[in-house]
Each structure stands twice: as C-alpha cells, then as structure tokens.
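In: 3D, please:
(2 chains)
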There are 2 protein chains.
Amino acid sequence: MIVVLRLGHRPSRDKRVTTHVALTARAFGAQEVWVSTKDIALEKTVESIVARFGGDFVIKTGVKWREAIRSWTGKVVHLTMYGERLNDALKSIKGQDLLVVVGAEKVPREVYELADVNVSVGNQPHSEIAALAVLMHRLTDDDILYRDLDGRLTVLPNPRGKTVVDNSKETHKTHS
Amino acid sequence: MIVVLRLGHRPSRDKRVTTHVALTARAFGAQEVWVSTKDIALEKTVESIVARFGGDFVIKTGVKWREAIRSWTGKVVHLTMYGERLNDALKSIKGQDLLVVVGAEKVPREVYELADVNVSVGNQPHSEIAALAVLMHRLTDDDILYRDLDGRLTVLPNPRGKTVVDNSKETHKTHS
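Out: Numbering: from 1, shown residues only, chains lettered A, B, ... in the order given. I've put the predicted structure just below:
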C-alpha cells in the first residue's frame, strides 16, 4: 500500500499544485492522499475525478502529520532535493508499504529525522509533483498507468485524437 | 536537443504550475522551455534558479506556438492523457531532437494534428508536470538528474540532512 502525505498545503496558494499531487498519486497507483490542512474544496475536486474516472482512491484533509508519520507501520519516504540518490533508495523501499511525504515550500527539519529515507529525484530544485511521479513510476509496473479503474469514463490510447468510452451510456466517442 | 513548449499559460492562474514545468524541464535535461504567453515574472523566477544552480537552461516567453511547432526540424511530441501508450511512443522518439508540447487546461485540436506523436503517460487525468517528468526520465539517463551544472550552489545527496556547497565561498554547509 502506498499513501502520499502532503505537508504545508495552503489552500489558496497551493490549490492547483496540491490537486496535481493528489491526481498524480492516484494515477500512478497510490491508494490514498492525506493533506495536512483541512480543505473541503480540494476534497471535492479530487472526489469528482474519482467519481467520473473510477477506482477507490481516498483523499483525507486536515490530517495530523506527526501522528500519521509516527503511527505508520511501513517505511516513511520523504521526497527532497537534498536526499540520497533515487537508485540507492529504491533498493530499500521497493515492494514495501510506503508513506511518501511531499512538502510544499519549506519542510520542518523534524521530517528529515522522522523519515526512514530521504530521497532525491535529482539534486536540482524542480517540483514535488515531478519527484512524486518519477518515484511512483520507478516503484510500480508500467501497466499501472493504463489499468482499468472501472469508471464511468474510460480513455483509450489513441495516437491521433480522443477516444472516451462513456460506460453509463455504453457509447464510444472518438474524435480523430 | 529537447525543448519543452508550454501552451495556454495564464500568468496569474498558472504561475506556479508553469514554473514547475520549466524547472522540471531543466532538471531532467531539456535545454530550453518556450512559453506561449509573455510573462516576464516567470522568466525572472526561472533565470534566478539558473543563476544560482548553474547550467545554461534558457526560458523564452511570448513564443508563437504554431510557428515554433511548424519550424521544428526534429519530432514534435504532444503529451496528452488521450495519446498512445508511453512504451509504444518511446521507440520512435528516443534519441531524436524533440519539441515536447505540454498544455494547460484545454489544448486546441490543431495540436493533435501538428504533433508527430501524441503520447499519454497513463490515460487518467493527472498533471502535465508529472507526465513531463516521466517522459523526460524515460528518454534520458538516470545520471542526468545528478549531473554537475557548475552552479554557485551545488546540493550533494545526503540521506539525513542538507548538504549545500557554496562554490563562490568554497564552503561546504551540512546540516545533519
């Protein structure tokens, strides 16, 4: 089981970035995302995607992060540009139950200590969304990106246009 | 050479997401990012990262996207949740000069036709930052994430704390 824990979310400023974090977690095979700040609008945004595109991904907001980290029985992985190399870290975390911690701007020092592993996806400043995506991609099978989530809407790979199956109407809509 | 072309950027709304796109492009080994809307503040943000962390990454904003796509002599790769599977697309694009097109919300149909390849990193809605990161990661060598960019600041992998080398002062600062 993989759960993503998002720290330091500020609802107005981080609305879009945290939404990307949550949807990336879902698309790449995490089961849940926990956000340290309460944000009902964010919950609704993510839940509406789940309602349309399927699966049983869960979002919880207002989660007490210290307790969440301390009570996690698997490994705690903190994504940071300061951490050890991804390839080194993967050996000790692949196949385990993971709580993957991603911060917004500044992460409390305590997190570096509470984490079992501090992992960098490159030592350059870039994006917690990018780091999360690559970590998840390296932890999981390629097929997970194209798994059938039994949603109302299913998108089928198409090299030219858009193919969307609306399973509620059993229609196939292709623009190409 | 890899250049990332960002379409549909709205300076106030997309400020942070487009910054993540640009920094992800840089960290994962693209040479330039071109943004279709003029945005001096965005240029300054990205250039200040380059000034501190090194390399010769270029950002251009206010780029005419149709002309940019039409005059590109390598392959044009459009990232979209509707596109063909990543593994299928990689065969035809790896090792080529690529213009990687990433949209904000809605991308004009024309882009699907102008692109040589429409590629999906999963057929679920998630994030153009995540999609770009995984595509770049699959196109390049792992070591690119840890390459020395000869910047004023160099971050060194550290499993516990933060190690930042300030090359202008030739000091090594480690908190751990």
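
In: pLDDT of the lengthiest strand in chain A, averaged?
Out: For chain A, the strand with the greatest residue count under DSSP state E is strand A:75-85. Average pLDDT, strand A:75-85: 97.

In: so what strands line up beside it?
Out: On the basis of DSSP bridges, the sheet neighbours of strand A:75-85 come out as strand A:98-102 (parallel), strand A:117-120 (parallel).

In: which residues in chain A form helices?
Out: Under the criterion DSSP state H, chain A contains helices at A:11-27, A:40-53, A:65-71, A:86-93, A:109-114, A:128-139.

In: From the contact counts, what lies against the second one?
Out: Translated: helix A:40-53. Helix A:40-53 sits against helix A:11-27, strand A:58-61, strand A:153-156, with contacts defined as 3 or more C-beta pairs under 8 Å, 6 or more residues apart in numbering or on different chains; DSSP states H and E. All C-beta spots, glycine's among them, are computed from the backbone N, C-alpha and C.

In: in its sheet, what does the second one sit against?
Out: Partners of strand A:58-61 in the sheet, by DSSP bridges, are strand A:32-35 (parallel).

In: on that earlier part again, most tightly packed of the helices of chain A?
Out: Mean neighbour count (mean count of other C-beta atoms under 10 Å in any protein chain shown) peaks for helix A:128-139 among these, with a mean of 26.

In: counting contacts, what elements does that helix pack onto?
Out: Other helices and strands packing on helix A:128-139, by 3+ C-beta pairs under 8 Å, 6+ apart, are strand A:2-6, helix A:11-27, strand A:75-85, helix A:86-93, strand A:98-102, helix B:11-27, helix B:128-139.

In: What residues are bridge-paired with A:Asn118?
Out: Bridge pairing for A:Asn118 - DSSP bridges - gives A:His78.

In: which residues touch it?
Out: A:Asn118 makes contact with A:His78, A:Thr80, A:Tyr82, A:Gly83, A:Glu84, A:Tyr112, B:Asn158, B:Pro159, B:Arg160 under the criterion C-beta atoms under 8 Å, 6 or more residues apart in numbering or on different chains.

In: What is the neighbour count of the fifth one?
Out: Neighbours of A:Glu84 under the rule other C-beta atoms under 10 Å in any protein chain shown: 19.

In: In TSV, list the strands paired with strand A:75-85 along with mean pLDDT and distance to B:His9.
Out: What follows is the strands paired with strand A:75-85, written out as TSV (pLDDT from 0 to 100; distance: least, C-beta to C-beta, whole Å):
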stretch	mean pLDDT	distance to B:His9
strand A:98-102	98	24
strand A:117-120	97	28
